[in-house]
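A.B. asks: Predicted model and sequence follow; I will ask about them next.
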Amino acid sequence: MLKKLINKMPNQREAWFVITILLLLFLLLSLLLTDGHGWGDDFALYLKQAKNIAENHDYSDTGYIYNVREPLYSPKLYPPIYPLFLALIYKLFGLDFIKLKTVSVLFYVLYLGLLFIFFRKRFSFSISILVVILFGFNPEFFTELDQILSDFAALFFTMLAILAIEKFSQKTTVFQSILLAILFWLSYASRSAGIVLIPSFILYHLILNRKITIELMLTIGFAVILMTMQKLLLHEGAYFNFRLIFKDFFGTIFFNIGYYSKILAKSILRTDVLPIVLIFVFFVIGGIVLTLYSTKKIDFIFIFSFFFLGLLLIFPSIQGPRYIFPLIPISLMYGLFFLQKVIKNDQRIIPALLFLLIIGNVPEYGQMKKKAVEIQEATSPAAMSLYEFIDQFDEGGFYFRKPRALAFFANVHAGVIANDDLNQLETTISEADRLDIQYFVEDKKHLSRFKTIQELNQDKFLQIFENEGFFIYQLKDSN
């Protein structure tokens, strides 16, 4: 089947070369994966949902105690597409972290294949394949690849939707409209940020056609139906509410502009020194302006970037480069557009610069696995001893700074108490009662505000466990 598909391509040598590069990247990235996981406990909620699917349990029974006073910590459930793929691996191999992480590697390599197509429509073969290799060896992306996260499934389906829109935009049939709606949903059902595809497509379609068409209504209507069914059938809760956005609206925007500018520059140039960041941003903005000026039209990728960046800038939470992954290659694209215009007489400079960036990543590539191994705290011996002890408890909820990991490994109910409620004994006990929490787990390396409450009120809390990494305290009146 693959050979037949390649034979239909206009340049078969290019196709075989790209596939070879992608297979090598899959092998190299897979070899770097580590057996274990760090404390970012998003992975635990994904795994619990996947386990529920694999074992035919209630999908929403994750053990995580959702706290409406701390909505940004985690939603009740994550979107279902990534847990569905994890469930297939979990069903076959159980809790094998390396095989489970391979799901993300597979999606990322498939995304890199789409990224090649995206760049090849705009640049030469040499530039396009070097971009693929650059991101294949990018330390920022690998750091996330060694975790169980949905970002790479979302990257794949989002880029697939973008390419489909670019292909079908001139004249869309009913079948293509339905296909676009399914792709919009797959992106959204991988990460909720995929919702921006809908307003982006609406605006792009209106600019292109100057009217509301049946195809537009069909695409958007069917996509909204699929997304609504997902929310209703899975009983998903909101990640945040709008009062959090408007709590410090302009402060959040100004902070995020600086934060994500540094992330974009560092993800490509491996530095976030202010002068370099400013030069990079100048190149990106210059590329956008020159593209709009030379084409005299607004394309979909510009509109998508506008909506996606707008969502990031108002969102009052940051997670390193993860949230802005879709825009990193796009920012590089605009930067390269600008560079092409500046050095129009010598196009060999761009491949040479990309090659130097790739070489600059090689030393970090050699350190990636070592760095990943050093942060596997969630599966450390101390943590496993903690889970084993807690697994004996039949009832009573637990407070812990990483509750989803505790809920998954120890098979208990666990949640967080908002920091504002850990300032006083009265509010701590009140919130513990509301959330049905009777036990408090403290990480010796990352003590929370509860530890201060416990030390000031030792008559209220009984220590029932201690090992080299953790304490467990029980409310004395919760017997």
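C.D. replies: Great, that's in hand. Residues are numbered from 1 along each chain as shown.
A.B. asks: What residues does the spatially closest residue to I417 that is not a sequence neighbour make contact with?
C.D. replies: Leaving out its chain neighbours, the residue that sits closest to I417 by C-beta to C-beta, 6 or more residues apart in numbering is E431, at 4.8 Å. Glycine gets a C-beta too; all of them are placed from N, C-alpha and C. Going by C-beta atoms under 8 Å, 6 or more residues apart in numbering, E431 touches N67, R69, I417, A418, D421, I437.
A.B. asks: Among the residues you listed, which are located in helices?
C.D. replies: Secondary structure from DSSP state H places none of the contacts of E431 in helices.
A.B. asks: one step back: the residue nearest to I417 belongs to a helix?
C.D. replies: Yes - per DSSP: H, G, I helix; E, B strand; the rest coil, E431 lies within a helix segment.
A.B. asks: so can I have JSON lines of the contacts of E431 showing pLDDT, neighbour count and distance to A193?
C.D. replies: Listed next are the contacts of E431 as JSON lines, based on pLDDT from 0 to 100; neighbours: other C-beta atoms under 10 Å; distance: C-beta to C-beta, whole Å:
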{"residue": "N67", "pLDDT": "91", "neighbour count": "19", "distance to A193": "23"}
{"residue": "R69", "pLDDT": "88", "neighbour count": "14", "distance to A193": "24"}
{"residue": "I417", "pLDDT": "93", "neighbour count": "26", "distance to A193": "28"}
{"residue": "A418", "pLDDT": "90", "neighbour count": "16", "distance to A193": "24"}
{"residue": "D421", "pLDDT": "91", "neighbour count": "22", "distance to A193": "29"}
{"residue": "I437", "pLDDT": "94", "neighbour count": "26", "distance to A193": "31"}
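A.B. asks: low-confidence ranges in this protein?
C.D. replies: Along the chain, the parts satisfying pLDDT under 70 run over 1-10, 170, 237-244, 345-346, 366-374, 478-479.
A.B. asks: where do the strands sit along it?
C.D. replies: 64-65, 397-399, 414-415, 437-443, 461-466, 470-475 (DSSP state E).
A.B. asks: Pull the residues that contact the last one.
C.D. replies: Where contact means C-beta under 8 Å, 6+ apart, the residues beyond strand 470-475 that reach it are 382-383, 386, 389-390, 429, 432, 438-444, 454, 460-466.
A.B. asks: Buried ones only from those, please, as a ChimeraX command.
C.D. replies: A single ChimeraX command selects the buried members of the contacts of strand 470-475 (16 or more other C-beta atoms under 10 Å):
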select :383,386,390,429,432,438,439,440,441,442,443,454,460,461
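A.B. asks: Please give me every residue in contact with the most centrally placed residue in the chain.
C.D. replies: The centroid of the chain falls nearest to D151 when counting by C-alpha atoms, centre = their mean (3.1 Å). By C-beta under 8 Å, 6+ apart, D151 lies in contact with S104, E144, R191, R322, F325.
A.B. asks: and the gap between F393 and I178?
C.D. replies: 49 Å (C-beta to C-beta, to the nearest Å).
A.B. asks: Ok, L462 next?
C.D. replies: For L462, the distance to I178 equals 60 Å [C-beta to C-beta].
A.B. asks: next one: R191
C.D. replies: For R191 relative to I178 (C-beta to C-beta), the value is 22 Å.
A.B. asks: out of those two, which sits in the busier spot?
C.D. replies: R191 (25 against 15; other C-beta atoms under 10 Å).
A.B. asks: Show the contacting residues for the nearest residue to the more buried one once chain neighbours are set aside.
C.D. replies: Leaving aside its chain neighbours, R191 sits nearest to A154 (3.7 Å; criterion: C-beta to C-beta, 6+ apart). A154 sits next to Y82, S187, S190, R191, A193, G194, P326 when contact means C-beta under 8 Å, 6+ apart.
A.B. asks: Looking at the residues you listed, spot the one nearest P275.
C.D. replies: P275 lies nearest to P326 out of the contacts of A154, by C-beta to C-beta, at 26.4 Å.
A.B. asks: Is it correct that the closest one is in contact with F156?
C.D. replies: No - P326 is beyond contact range of F156, at 10.6 Å (criterion: C-beta atoms under 8 Å).
A.B. asks: Could you single out the nearest of the contacts of A154 to G136?
C.D. replies: Of the contacts of A154, the one sitting nearest to G136 (C-beta to C-beta) turns out to be P326, at 16.6 Å.
A.B. asks: number of nearby residues for the closest residue to the closest one other than its chain neighbours?
C.D. replies: Spatial nearest neighbour of P326, excluding adjacent residues (C-beta to C-beta, 6+ apart): T158 at 5.6 Å. T158: 27 surrounding residues under other C-beta under 10 Å.
A.B. asks: got it, and T102?
C.D. replies: Residue neighbour count, defined by other C-beta under 10 Å, stands at 18 for T102.
A.B. asks: Okay then, goodbye and thanks.
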